[in-house]
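J.: all I have is the shape, not the residue letters:
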């Protein structure tokens, strides 16, 4: 039987469509604000930032600064300004000055407020809080929903020939709630393939599992890959020989999927549960035959003294080898220890700890002439410029084997710190019962024992002596200390006082500036301990 279908002409109907009608306003803003110190954005010594909340506000708008939806969009000078982070209070008063001199006050819901030319007046500080007056220019829009008539086409529907009724097809109009019964089946539509939602989900789940199974390869390498290849070959063999082996192979593969699923989740869990400080694993102290330490007696002004001499050999990041003596007077070491012990114990905050560091440097900076003499000769003999000279200095200290400096005994059970527990349990070198858990620069040069904050303090002292622009940073979250330098290196950096300081790790040999673990790069967790005021190489 031949069926004919005729289509009617395209028809249109009119509907009301909702649209956003935005009226843009701009004017003068004035109000009272309340701020709370943001410890993550502030370094608490040189720059403090406060989270601002507007308590009350008044906005004065001239009539010519009102732009309706029919007159255009946002004012051009505010197009690239970010939305003001603080929410305007509900009590904000909007005063509009009309051209005839009339003033009227409104309560409006201003959307997307943008504030520029901000000025803060009369700040009143109370501990970690601040109160004051804020002024500026503001822009935003008032939104209301409008409706406009729109003509939309009505989709044409096939009108079947009268002969279809003989086939028992009952077609009815969609807008009257009627339905098609058995017509599609009689017209041959029963052969159309249907897409299964659950089959699609199952396929996606298999791709996710395959990705998880690949993760162990990152951690355990080629043995796992070889094992998988062998299993897949067994599966192929089972599919060729006989059905029994094939079914056994499929069962084994199913078991293998479950095993690798557990294995993959374990690998991911182990990776993300690592202590971030372990991203750099310090070297343990080793006896290096070529490097020696000796004491040379001297007499000065009828006073007997000795010179401590450490013969050092190291390479910079370009592979250039340096060698020479780090020297120090024994009497300077004893005086530095006395000064260290006499510093008061009241360290209750970052500010107190920074004062301790400043006192250690103030006492020791003039007692490092033997250290400066080594680097002066290296710079002269090798004609080192600004960046290579800094790299020679830092690589020398990085190359010294790591020794943990603790304020208590070298017992892992005394410390609630995973890194200290693991390091001491594995036999790592340790220097116990040192006040504040840090060596002064002179104490470090005398013993060549130092961990992260001891090394950072010495390098800050040396680089400051040569008038580099350098900072010392520390983090309680990451439990680590580093230096950062204002030189044009690529890599991870922190902005302090509007200047870019590139991070420089001190506990790992030959790690160049800017290279730093991803898990430790949230700059909100790094605070400034010391900052130099010099920026010209001596």
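T.: Received the coordinates, thanks. Every value quoted in this text rests on a predicted model; they were computed, and no experiment measured them.

J.: quick one, what contacts residue 405?
T.: Going by C-beta atoms under 8 Å, 6 or more residues apart in numbering, residue 405 touches 430-431, 434, 437-439, 449-451, 453-454. Any C-beta I mention is one placed from the backbone N, CA and C, and that applies to glycine too.

J.: which members of these are the farthest-apart pair?
T.: 430 and 453 (14.7 Å; C-beta to C-beta).

J.: now the contacts of residue 405 as CSV including distance to residue 423 and neighbour count?
T.: Listed next are those as CSV, based on distance: C-beta to C-beta, whole Å; neighbours: other C-beta atoms under 10 Å:
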residue, distance to residue 423, neighbour count
430, 8, 19
431, 13, 18
434, 16, 19
437, 14, 16
438, 16, 24
439, 17, 28
449, 14, 20
450, 14, 28
451, 9, 27
453, 15, 22
454, 15, 28
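
J.: and of those, the nearest to residue 75?
T.: residue 453 (51.8 Å).

J.: how far away is the closest one from residue 473?
T.: Distance, residue 453 to residue 473, by C-beta to C-beta, to the nearest Å: 10 Å.

J.: before we move on, what about residue 121?
T.: Taking C-beta to C-beta, one finds residue 121 at 34 Å from residue 473.

J.: which one's more surrounded, these two?
T.: Higher neighbour count among residue 121 and residue 473: residue 473, with 25 against 9, using other C-beta atoms under 10 Å.

J.: which residues touch the nearest residue to that one once chain neighbours are set aside?
T.: Using C-beta to C-beta, 6 or more residues apart in numbering and skipping residues adjacent in sequence, the residue nearest residue 473 is residue 526, 4.7 Å away. Applying C-beta under 8 Å, 6+ apart to residue 526 gives the contacts 473-475, 478, 494.

J.: and of those residues, the nearest to residue 321?
T.: For these, the minimum distance to residue 321 (C-beta to C-beta) is 29.9 Å, reached by residue 473.

J.: that closest one belongs to a strand?
T.: Yes: per DSSP: H, G, I helix; E, B strand; the rest coil, residue 473 lies within a strand segment.

J.: just use 15 as the starting number from now, easier for me
T.: Got it, the first residue is 15 from now on, which makes the last one we talked about residue 487.

J.: give me the three-state assignment for residue 158.
T.: Quick answer, by three-state DSSP: residue 158 is strand.

J.: how many neighbouring residues does it have?
T.: By other C-beta under 10 Å, neighbour count at residue 158 equals 10.

J.: are any of the contacts of residue 540 buried, and which?
T.: 487-489, 492, 508 (16 or more other C-beta atoms under 10 Å).

J.: would you state the strands of the stretch 315-464 of the chain in chain order?
T.: 317-329, 335-343, 418-419, 444-445 (DSSP state E, counting those that start in this stretch).

J.: which of the ones you listed is buried the deepest?
T.: strand 418-419 (a mean of 24; mean count of other C-beta atoms under 10 Å).

J.: got the contact list for residue 162?
T.: Contacts of residue 162 by C-beta under 8 Å, 6+ apart are 30-31, 33.

J.: can you list those in a markdown table and add neighbour count and distance to residue 222?
T.: What follows is the contacts of residue 162, written out as a markdown table (neighbours: other C-beta atoms under 10 Å; distance: C-beta to C-beta, whole Å):
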| residue | neighbour count | distance to residue 222 |
| --- | --- | --- |
| 30 | 9 | 46 |
| 31 | 11 | 41 |
| 33 | 11 | 42 |
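
J.: I'd like the average pLDDT over the strand or helix carrying residue 246.
T.: For residue 246, the host element (DSSP states H and E) is helix 236-255. Helix 236-255 carries an average pLDDT of 68.

J.: swap in stretch 519-532?
T.: Per-residue pLDDT over stretch 519-532 has a mean of 92.

J.: how far off centre is that stretch?
T.: With C-alpha atoms, centre = their mean, to the nearest Å as the basis, stretch 519-532 stands 17 Å off its chain's centre.

J.: got the end-to-end distance for that stretch?
T.: One end of stretch 519-532 sits 13 Å from the other (C-alpha to C-alpha, to the nearest Å).

J.: report the buried residues of it.
T.: Residues of stretch 519-532 classed as buried by neighbour count (16+ other C-beta under 10 Å): 519-521, 523, 525-530.

J.: again, but for stretch 407-422
T.: 407-420.

J.: in helices, which of those fall?
T.: In helices, defined here by DSSP state H, the members of the buried residues of stretch 407-422 are 407-412.

J.: would you list those residues in CSV and tack on pLDDT and distance to residue 276?
T.: Putting those into CSV (pLDDT from 0 to 100; distance: C-beta to C-beta, whole Å) gives the following:
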residue, pLDDT, distance to residue 276
407, 96, 50
408, 96, 45
409, 95, 44
410, 95, 48
411, 95, 45
412, 94, 41
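
J.: next, residue 472: secondary structure please.
T.: Relying on three-state DSSP, one would call residue 472 helix.

J.: report pLDDT for it.
T.: For residue 472, the pLDDT comes out at 96.

J.: in this structure it contacts residue 411, no?
T.: Yes: Residue 472 sits in contact with residue 411 when judged by C-beta atoms under 8 Å, with a separation of 6.3 Å.

J.: ok, back up a step: which one of the buried residues of stretch 519-532 is nearest to residue 458?
T.: Closest to residue 458, out of all of the buried residues of stretch 519-532 and judged by C-beta to C-beta, is residue 520, at 11.2 Å.

J.: give the contact list for that closest one.
T.: Residues near residue 520 by C-beta under 8 Å, 6+ apart: 408, 411-412, 466, 469-470, 473, 495-497.

J.: distance to residue 140 added to those residues, as JSON lines?
T.: JSON lines is the format used below for the contacts of residue 520 (distance: C-beta to C-beta, whole Å):
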{"residue": "408", "distance to residue 140": "43"}
{"residue": "411", "distance to residue 140": "44"}
{"residue": "412", "distance to residue 140": "45"}
{"residue": "466", "distance to residue 140": "36"}
{"residue": "469", "distance to residue 140": "39"}
{"residue": "470", "distance to residue 140": "35"}
{"residue": "473", "distance to residue 140": "39"}
{"residue": "495", "distance to residue 140": "32"}
{"residue": "496", "distance to residue 140": "34"}
{"residue": "497", "distance to residue 140": "35"}
